[in-house]
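Asker: need the 3D shape of this:
(chains A and B)
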Protein chains: 2
Amino acid sequence: MQIGILGTGVVGQTIGARLTQLGHDVMLGSRSATNEKAAKWVSENAPRAKQGTFANAAEFGGIVFNCTSGEVSLEALGAAGAANLAGKTLVDVSNPLDFSKGFPPTLTVCNTDSIAEQIQAAFPDAKVVKTLNTMTAAVMVNPGLVPGEHDVFLSGNDAGAKTQVTDLLRSLGWRNVIDLGDITTARGPEMVLPLWLRLMGAFKSPIMNFHVAR
Amino acid sequence: MQIGILGTGVVGQTIGARLTQLGHDVMLGSRSATNEKAAKWVSENAPRAKQGTFANAAEFGGIVFNCTSGEVSLEALGAAGAANLAGKTLVDVSNPLDFSKGFPPTLTVCNTDSIAEQIQAAFPDAKVVKTLNTMTAAVMVNPGLVPGEHDVFLSGNDAGAKTQVTDLLRSLGWRNVIDLGDITTARGPEMVLPLWLRLMGAFKSPIMNFHVAR
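Answerer: Residues are numbered from 1 along each chain as shown, chains lettered A, B, ... in the order given. From the prediction side, this is the model:
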């Protein structure tokens, strides 16, 4: 499959690399078509890795991942272009964290709204699925790094898009995929970040994940 | 031990009943010294159960539990009286949920503050420990209801108070008590409620709990 990834940070690079290993063709998109981090990533993940602008990556992908920082996601998706996202599954992995006042960060949106809902509202023709934002990048693509049973959450309005994302998650090794409901349920996983960050502080490691025992 | 419990709802009654079974003397406090729910609870949990006003219960307890709804906790604690809370461990189990606009509720305070921090700020001589707010009452007092490993979180500024609460949690059957840090870390467990409520919807049962796999 052709997959577009918006964002050249650790999350975008890690998901992109793993998807090339699984046989997908992946284009990493950024503000600039010649972004140096993306160029290095392309050279490390040849031959299935490409780079381009946000618009190039969105146009390229049959599925598009938003791996930009939540604070700038709406701007990056605007640059990607509504037409390039229309009708496509848009996997939102972002967290709207504001580190401007130091640690711990606060959320720029929460409680009565979420970045996932804002993205769905701004791009009504995209099929937004929120997932994978509740763990560190290394665990996203390799859940076996964390021992025992643990879970990944899913929120979105389109059942077909959620099935497509579930299949992709299973190909990454995820066994427990919990469908929370429509896109408004994304508030839950986004608001978990303050606890996640404190747990990372308490355990001095990001290699962990939530499990809902029941 | 003498324990005061503020709030006559399911959480207060359930914690109170279990503590009497463990041999503690418990006073359930409410606005009125003759609250009918509390009277019924006293008759069901004799001989170690008593009832009184918020102030009576706070004065009675060597430890005091805040089991009122988060929206009214500051008012209830004000009625309990700062002098009756001074120097004592104040276990805050509350969640600041606003159901006035229907389901799902929003939080009346979050992100840059928490109800636990507001309580600590309003009652600086109390030793506030936030815990047990991330699960349903039946699981709070009987973690064995949920199979497998799962966790309870702890936030507070006073190490001695956290040790005292940890001992009490262990007597309830809790094996995994995770100390998140000072009282500001209570934002994390409080902001988990939106996810918890959606999980309850997805699983159609409140008998579940979070576990941090690692």
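Asker: what sits against the residue nearest the centre of chain A?
Answerer: Nearest residue to the geometric centre of chain A (CA atoms, centre = their mean): A:V93, 2.1 Å. Contacts for A:V93 (CB atoms under 8 Å, 6 or more residues apart in numbering or on different chains) come out as A:V11, A:I15, A:F65, A:N66, A:C67, A:T131, A:L132, A:N133, A:M140. C-beta coordinates here come from the backbone N, C-alpha and C atoms, glycine included.
Asker: please indicate which of the residues you listed are buried?
Answerer: A:V11, A:I15, A:F65, A:N66, A:C67, A:T131, A:L132, A:N133, A:M140 (16 or more other CB atoms under 10 Å in any protein chain shown).
Asker: hang on, the first one in a helix?
Answerer: Yes. With DSSP: H, G, I helix; E, B strand; the rest coil as the criterion, A:V11 is assigned to a helix.
Asker: returning to what we had before: from the contacts of A:V93, which is closest to B:W196?
Answerer: Closest approach to B:W196 among the contacts of A:V93 (CB to CB): A:N133, at 16.9 Å.
Asker: isn't that closest one right next to A:P189, touching?
Answerer: Yes. A:N133 lies in contact with A:P189 (CB atoms under 8 Å); the separation is 5.8 Å.
Asker: could you identify the most distant pair in the buried ones among the contacts of A:V93?
Answerer: A:N66 and A:M140, at 13.5 Å, using CB to CB across these.
Asker: still on that earlier bit, can you narrow the contacts of A:V93 to ones near chain B?
Answerer: Of the residues in those, proximity to chain B by CB under 8 Å from any CB of the partner chain holds for none.
Asker: how about the strands in chain A?
Answerer: With strands called from DSSP state E, chain A shows them at A:2-6, A:25-30, A:49-53, A:63-66, A:89-92, A:97-98, A:106-107, A:127-131, A:151-156, A:176-181, A:209-213.
Asker: next, the angle from the third one to strand A:2-6.
Answerer: What that stands for is strand A:49-53. When axes from the mean of the first three to the mean of the last three CA atoms, to 10 degrees is applied, the directions of strand A:49-53 and strand A:2-6 differ by 50 degrees.
Asker: could you do the last one as well?
Answerer: For strand A:209-213 and strand A:2-6, the angle between their directions (the same axes, to 10 degrees) works out to 110 degrees.
Asker: that older thread, show the pLDDT at the residue nearest to the centre of chain A.
Answerer: Predicted confidence (pLDDT) for A:V93: 98.
Asker: then A:G102?
Answerer: 89.
Asker: before we move on, back to that, of the buried ones among the contacts of A:V93, closest to chain B?
Answerer: Of all the buried ones among the contacts of A:V93, chain B sits closest to A:N133, with 11.6 Å by CB to the nearest CB.
Asker: spit out the contact partners of that closest one.
Answerer: A:N133 is in contact with A:D92, A:V93, A:S94, A:N95, A:P189, A:E190, A:L193, counting by CB under 8 Å, 6+ apart.
Asker: for those, pick the one with the most neighbours.
Answerer: Most neighbours among those, by other CB atoms under 10 Å in any protein chain shown: A:D92, with 33 neighbours.
Asker: okay, and the beta partners of that one?
Answerer: Beta-bridge pairing of A:D92 under DSSP bridges involves A:N66, A:K130.
Asker: out of the contacts of A:N133, who's nearest B:G148?
Answerer: Distance to B:G148 across the contacts of A:N133 (CB to CB) is lowest for A:P189, with 21.3 Å.
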